[in-house]
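>>> Structure, please.
(4 chains)
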Number of protein chains: 2
Amino acid sequence: MLISLDMTGDDPIYLQLRNEIVLGIASRRLQGGEGLPSVRQLAEDLGINAMTVNKAYTLLKEQGFIEIDRRQGAKVRVSTEAAPHFPGRWQQQLALLIAEGLARGMEKGELMKTCEQLFEILNQGEKTQ
Amino acid sequence: MLISLDMTGDDPIYLQLRNEIVLGIASRRLQGGEGLPSVRQLAEDLGINAMTVNKAYTLLKEQGFIEIDRRQGAKVRVSTEAAPHFPGRWQQQLALLIAEGLARGMEKGELMKTCEQLFEILNQGEKTQ
DNA sequence: TACTTGTATTATAGTTAGTAATACAACCGA
DNA sequence: TCGGTTGTATTACTAACTATAATACAAGTA
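Residues are numbered from 1 along each chain as shown, chains lettered A, B, ... in the order given. I've put the predicted structure just below:
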């Protein structure tokens, strides 16, 4: 999977990498059970430090998106066995985004349409830029 | 409007305050055109520094949620005159949250239902915790 | 045995975030 | 004009974060 990082942006590298992988899983460009590059390999490919990659992997592991086996390396967790109970944080963040839309005078239909479109784009495995 | 801050949490105070006000506007506990407390007044009420409040207000102003007049202080912007063009950042954040749901195996109906519920709760002006 | 895996440790440099104290210009009402 | 209000610019300081680097280690594989 192609991963692009913005080294000049505000978001830290490890977070960008984490997000890219989450987007990859959601769009099925990364299949469940699929192996991820080793931290050293990916670090070299991206031109960043291995510990930065490790930080992203650790985060993804803690959040239940991947599993890490010392033998086989990191691999994508199959979604069916993923943690069913979402962290309240997720819902809270979603509520805040919706509130921002509402506070700007967004209509319900408009918002739901946007959500649905974003879902479809991801679900069909297209690029999200 | 009652504002509760978590001084021990990870989120900075100014951001919590900013978010609380956005939620207040979305749920109409803060009406369009309604005046907000002065930075000093609110700072004293919350037991924080005035510049921290100012930082939240400045952020809200930059994002188009409030207007600030030196004479009258800060007041909620009426949503009809709010910036119609959303920042791409918003959509990007929403896409990431949806991706997290998808990556955890969330169904489309489940996600849409969650969005709709959050919208309704806000739109009816109830507390969001 | 040689090489791979993730990970822990330590160090370091740079940057940013967060809060605070203070002072100032603009404005308002009495 | 006089006090008191408003937002805000400036400055300062501490703490935390970010990224990198150099090692080192335990565990597993071929």
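>>> Identify the residue nearest A:L17 in space, chain neighbours excluded?
Excluding its sequence neighbours, the residue lying closest to A:L17 (Cβ to Cβ, 6 or more residues apart in numbering or on different chains) is A:A56, at 4.1 Å. Where you see a C-beta, it was placed from the backbone N, CA and C, and this is true even at glycine.
>>> Mind giving me the packing neighbours of whichever helix or strand the one you found is part of?
Of the helices and strands defined by DSSP states H and E, A:A56 is found in helix A:50-62. Counting contacts by 3 or more Cβ pairs under 8 Å, 6 or more residues apart in numbering or on different chains; DSSP states H and E, the secondary-structure elements packed against helix A:50-62 are helix A:13-26, helix A:39-46, strand A:66-69, strand A:73-76.
>>> and A:D11, that's in a helix?
No: A:D11: not assigned to a helix; according to DSSP: H, G, I helix; E, B strand; the rest coil it is coil.
>>> List the contacts of it.
Each residue near A:D11 by Cβ atoms under 8 Å, 6 or more residues apart in numbering or on different chains is listed here: A:N19.
>>> Over to A:M51?
If a contact means Cβ under 8 Å, 6+ apart, then A:M51 has A:V39 as its contacts.
>>> mind redoing it with 10 Å?
With contact set as Cβ atoms under 10 Å, 6 or more residues apart in numbering or on different chains, A:M51 has these partners: A:14, A:39, A:43, A:58.
>>> where does the closest residue to A:A103 other than its chain neighbours sit relative to B:R71, distance-wise?
Take A:A103 and drop its neighbours on the chain: the residue closest to it by Cβ to Cβ, 6+ apart is B:I25, 4.1 Å away. Distance, B:I25 to B:R71, by Cβ to Cβ, to the nearest Å: 22 Å.
>>> one step back: which among the helices and strands packed on helix A:50-62 is found nearest to A:Q91?
For A:Q91, the closest of those is helix A:13-26, at 16.7 Å, according to Cβ to Cβ.
>>> does the closest one come close to DNA strand D?
Yes: where contact is defined by Cβ under 7 Å from any atom of the strand, part of helix A:13-26 touches DNA strand D, namely A:13-15.
>>> Equivalent analysis for stretch A:37-51, please.
Yes: with Cβ under 7 Å from any atom of the strand as the measure, stretch A:37-51 is seen reaching DNA strand D through A:48-49, A:51.
>>> and of these, the nearest to A:Q63?
Within the residues of stretch A:37-51 next to DNA strand D, proximity to A:Q63 (Cβ to Cβ) peaks at A:M51, which comes in at 18.6 Å.
>>> quick one: pLDDT of the residue nearest in space to the middle of chain A?
Compute the mean C-alpha point of chain A, and by Cα atoms, centre = their mean the closest residue is A:V22, 1.9 Å away. In the predicted model, A:V22 carries a pLDDT score of 95.
>>> Surely it is in contact with B:L96?
Yes: between A:V22 and B:L96 a contact is recorded at 6.9 Å, counting by Cβ atoms under 10 Å.
>>> Tell me the pLDDT of the residue nearest to A:A103.
For B:I25, the model assigns a pLDDT of 94.
>>> returning to what we had before: neighbour-wise, which of the residues of helix A:13-26 next to DNA strand D leads?
When the residues of helix A:13-26 next to DNA strand D are compared by neighbour count (other Cβ atoms under 10 Å in any protein chain shown), A:Y14 ends up highest, at 20 neighbours.
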